[in-house]
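Participant: Sequence plus the predicted model coming up.
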Amino acid sequence: MASKVVVALGALLLTAGCQLPGSSPICNAQIDWVNFIQVGTTQYVAGLTQAPTVLQESDLGPVYAHVKFKVSGSVCDPNYQLKDGDAAFLDAGTPIYQLSRQPPGEQLAARFSGQVVVYRATAPTS
């Protein structure tokens, strides 16, 4: 009898700790993300200057990468380690562009909130 109670209690605890697929994560921490994209080991951030640089479509070069995962609204762990393709606010699948006449290691661009925004490289992350 005692073993059945322990098994039932364990199953209840495991069920309570699980999240249904497709449901929103339950966050115990609030993370204020900066507008970034992670490409390889380099993090690119928008708005490193006073105001984010906004470009024209003609400033875009070829697609360099695509966003794989949007962390805002999905990640609750403040110790989350960023991965290649992560972005703060860009949806998965969003193209990330090289800039015309610019090496991709310094700046990239993406469409964000109806504008083409520049993301500048910061120091590579480990």
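Facilitator: Nice, thanks for sending it over. Residues are numbered from 1 along each chain as shown.
Participant: Which parts of this structure are helices?
Facilitator: In the chain, the helices defined using DSSP state H lie at 2-17.
Participant: show me where it has strands.
Facilitator: For the chain, the strands defined by DSSP state E occupy 36-39, 42-45, 54-55, 60-66, 69-70, 86-87, 95-99, 107-112, 115-121.
Participant: how much space is there between the residue nearest to residue 64 when sequence neighbours are not counted and residue 75?
Facilitator: Closest residue to residue 64 apart from its sequence neighbours, by C-beta to C-beta, 6 or more residues apart in numbering: residue 98 at 4.7 Å. Yep, even glycine has a C-beta here, placed from its N, CA and C like the rest. Distance, residue 98 to residue 75, using C-beta to C-beta, to the nearest Å: 27 Å.
Participant: got it, and residue 81?
Facilitator: Applying C-beta to C-beta to residue 81 and residue 75 gives a distance of 10 Å.
Participant: Counting neighbours, go ahead and name the busier of those two.
Facilitator: residue 75 (18 against 8; other C-beta atoms under 10 Å).
Participant: Residue 31 is in contact with that one, correct?
Facilitator: Yes - with contact defined as C-beta atoms under 8 Å, residue 75 reaches residue 31; the gap is 6.8 Å.
Participant: where in the chain is pLDDT low?
Facilitator: Within the chain, the stretches with pLDDT under 70 are 1-28, 49-53, 123-126.
Participant: got the strands of the chain as JSON lines, with mean neighbour count columns?
Facilitator: Putting the strands of the chain into JSON lines (neighbours: other C-beta atoms under 10 Å) gives the following:
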{"stretch": "strand 36-39", "mean neighbour count": "22"}
{"stretch": "strand 42-45", "mean neighbour count": "19"}
{"stretch": "strand 54-55", "mean neighbour count": "15"}
{"stretch": "strand 60-66", "mean neighbour count": "14"}
{"stretch": "strand 69-70", "mean neighbour count": "17"}
{"stretch": "strand 86-87", "mean neighbour count": "24"}
{"stretch": "strand 95-99", "mean neighbour count": "19"}
{"stretch": "strand 107-112", "mean neighbour count": "22"}
{"stretch": "strand 115-121", "mean neighbour count": "19"}
